[in-house]
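> Sequence and predicted structure below; questions after.
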Amino acid sequence: MPYLGAVADDFTGATDLATMLVARGFRTVVAVGPHGLEDMPEEEADAVVVALKSRTAPVADAVRDSLAALEALRAAGCERFYFKYCSTFDSTAEGNIGPVADALLDALGETRTVVVPSFPAAGRTVYRTRLFVHDDLLDESPMRDHPLTPMRDSHLGRLLAPQTRRRVHSIGHDTVRAGAAEIRTALGAPAAENALTVVDATTDADLRAIAEATAGLRLVTGAAGLALGLTGPHPGSARALPHPADRRFGVVLSGSASAATRAQVAHARLTLPHRRLDTAALRHDFHATVAGLIGFATANWRENPDRPPLIYSVGPGDDLGQEPELVERALAHCAAALVAAGAHHLLVAGGETSGAVVTALGARTLRIGAEISSGVTWSRTRARVNERSLPINLALKSGNFGETDIFTTAWDRLS
Ligand SMILES: Nc1ncnc2c1ncn2[C@@H]1O[C@H](COP(=O)(O)OP(=O)(O)OP(=O)(O)O)[C@@H](O)[C@H]1O
Ligand SMILES: O=C(O)[C@@H](O)C(=O)CO
């Protein structure tokens, strides 16, 4: 029976948290939407993360989907809950973090929770309630110009205040440094009652202290870093083995526009066969263009099945086009057609892109396997394409995550 239930507001975020939970000894399953839980034999998981596509959805939809996920997790037996959002917050004044946290607290009958987006391993830290991305304040980082959630303020209190019906409270770094007992006392104070409390954290040790101090809260909220301080019942044995377990017939599908992914694309183009999506051709004849990409990938597999082809939408210096959904749809079609054509392993870059691909594959649960990089993991799933159910390995990479060589080295972790 799973103990911990998480609601993640996007798919790459779900596998990011699941990667951390597995490393902390939780056998972890990602359920694709609340219905994914129906496919899950209860006794096999200690933690379940429900992946939603709610980060940029209208507020009412995000709240409805999050409450449905909470209900499914409670029905599956979960006792503690974790609302996972992005370590760069990705939530403007109209955003969903406050409304979803409010709704989850109400549904659980609770009045206190913490807001902890800090993830030092990925360069995200919170100090004096302000979020930093490596050396830059959030609003001076590339997130300032994110196409969907431009982050123009770094102060989490100011960002959250217009989103929540509750008070926004904060616990500063001095208290966090003083340790779990001090944090617990601060969280028990009247100021933290009926409030969302932003807690400073600049190191993994801070996150462990916060996790210890919040062990009594039924709901915590944050990025994956907070899970560093949780301990599951299966240390060292929580990973699912890949199936298939060799590296043949892999493909990289990248729809991510982030600076990190563009550098990864540039690196991969030096050694992998590659093809850029032609958006004008897609607009002109979608199916013929996608068929061309499938032909490109399968021809490369025939030449060398161990060398994964790369299909990508933007490289360094390329301008973004106006039709993000067309690009998502094209990559989702490619994914389904390539699995039908024999793909065993898909590495997908981009949160929205991953949502589109996983949906097109009809995957219902992802079993977390070998970690590729901080926040990026292989997972085992079954794709449902052309009325067949096919075992594949899937890795979902958030735009900002992964080393520069991830598209060429991820395959080493499959065997
Ligand atoms: N050449 C292009 N023209 C138009 N839209 C594009 C192009 N390339 C990518 N996009 C779109 O940009 C968006 C990128 O978002 P996505 O979440 O997939 O990746 P990301 O930018 O790395 O963000 P994240 O950090 O959430 O992973 C997607 O909707 C994708 O379809
Ligand atoms: O927390 C992060 O940065 C990621 O897990 C994420 O949310 C990707 O979209």
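Structure received. Numbering: from 1, shown residues only. Ligands and ions are numbered 1, 2, ... in the order given.
> how many other residues sit next to the closest residue to ligand 1 within the stretch 151-300 of the chain?
Nearest residue of the stretch 151-300 of the chain to ligand 1, counting by C-beta to the nearest ligand atom: residue 256, 3.2 Å away. C-beta here means a position set from N, CA and C on the backbone, and glycine is covered the same way. If you count neighbours by other C-beta atoms under 10 Å, residue 256 ends up with 28.
> Spatially nearest residue to it (excluding sequence neighbours)?
Leaving aside its sequence neighbours, residue 256 sits nearest to residue 350 (C-beta to C-beta, 6 or more residues apart in numbering; 3.2 Å).
> ok, now which ones touch the one you found?
With contact taken as C-beta atoms under 8 Å, 6 or more residues apart in numbering, residue 350 is in contact with 12, 254, 255, 256, 257, 258, 261, 397, 398, 399.
> Check the gap between it and residue 139 for me.
Here residue 350 is placed at a distance of 22 Å from residue 139 (C-beta to C-beta, to the nearest Å).
> just residue 364 next, same as before
Residue 364 sits at a distance of 38 Å from residue 139 (criterion: C-beta to C-beta).
> Settle it for me: which of the two has more neighbours?
When residue 364 is set against residue 139 and neighbours are counted by other C-beta under 10 Å, the residue ahead is residue 364, at 20 against 17.
> pretty sure that one is touching residue 36, no?
Yes. Counting by C-beta atoms under 8 Å, a contact exists between residue 364 and residue 36, whose distance comes to 4.5 Å.
> Just the helices from this protein, written as ranges.
11-23, 59-75, 97-108, 156-160, 173-178, 180-188, 204-213, 259-269, 279-284, 286-303, 324-340, 351-361, 406-409 (DSSP state H).
> Adding distance to residue 197, write those helices out as a markdown table.
Formatted as a markdown table, those follow (distance: least, C-beta to C-beta, whole Å):
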| stretch | distance to residue 197 |
| --- | --- |
| helix 11-23 | 20 |
| helix 59-75 | 20 |
| helix 97-108 | 11 |
| helix 156-160 | 10 |
| helix 173-178 | 11 |
| helix 180-188 | 6 |
| helix 204-213 | 10 |
| helix 259-269 | 31 |
| helix 279-284 | 44 |
| helix 286-303 | 48 |
| helix 324-340 | 35 |
| helix 351-361 | 27 |
| helix 406-409 | 35 |
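> Deepest-packed of those helices, please.
helix 11-23 (a mean of 28; mean count of other C-beta atoms under 10 Å).
> Remind me what that helix packs against, helices and strands.
Applying 3 or more C-beta pairs under 8 Å, 6 or more residues apart in numbering; DSSP states H and E, one finds that helix 11-23 contacts strand 4-8, strand 28-32, strand 47-51, strand 80-84, helix 351-361, strand 365-373, strand 376-385, strand 388-397.
> That helix near ligand 1 at all?
Yes. Under the criterion of C-beta under 6 Å from any ligand atom, ligand 1 is reached by helix 11-23 at residue 12.
> so, in contact with ligand 2 or not, that helix?
Yes. Figure legend: helix 11-23 in contact with ligand 2 (C-beta under 6 Å from any ligand atom); contacting residues 12, 13, 16.
> So for the last one, what's the nearest residue that isn't a sequence neighbour?
Spatially, and ignoring its direct neighbours in sequence, residue 16 is nearest to residue 375 (4.0 Å; C-beta to C-beta, 6+ apart).
> Tell me if I'm right that the one you found and residue 224 touch.
Yes. With contact defined as C-beta under 8 Å, residue 375 reaches residue 224; the gap is 6.3 Å.
> Now do the shared contacts for the two.
Once C-beta under 8 Å, 6+ apart is applied, the residues that residue 375 and residue 224 both contact turn out to be 16, 19, 20, 119.
> Return the closest of the residues you listed with respect to residue 379.
Distance ranking of the shared contacts of residue 375 and residue 224 against residue 379, using C-beta to C-beta, places residue 19 first at 9.1 Å.
> contacting residues for that closest one?
The neighbours of residue 19, taking C-beta under 8 Å, 6+ apart as the test, are 224, 368, 371, 374, 375, 376, 377.
> pLDDT value on residue 150, please?
We note a pLDDT of 87 for residue 150 in this prediction.
> Might one say that it is in contact with residue 92?
Yes. Applying C-beta under 8 Å, one finds residue 150 in contact with residue 92, separated by 6.9 Å.
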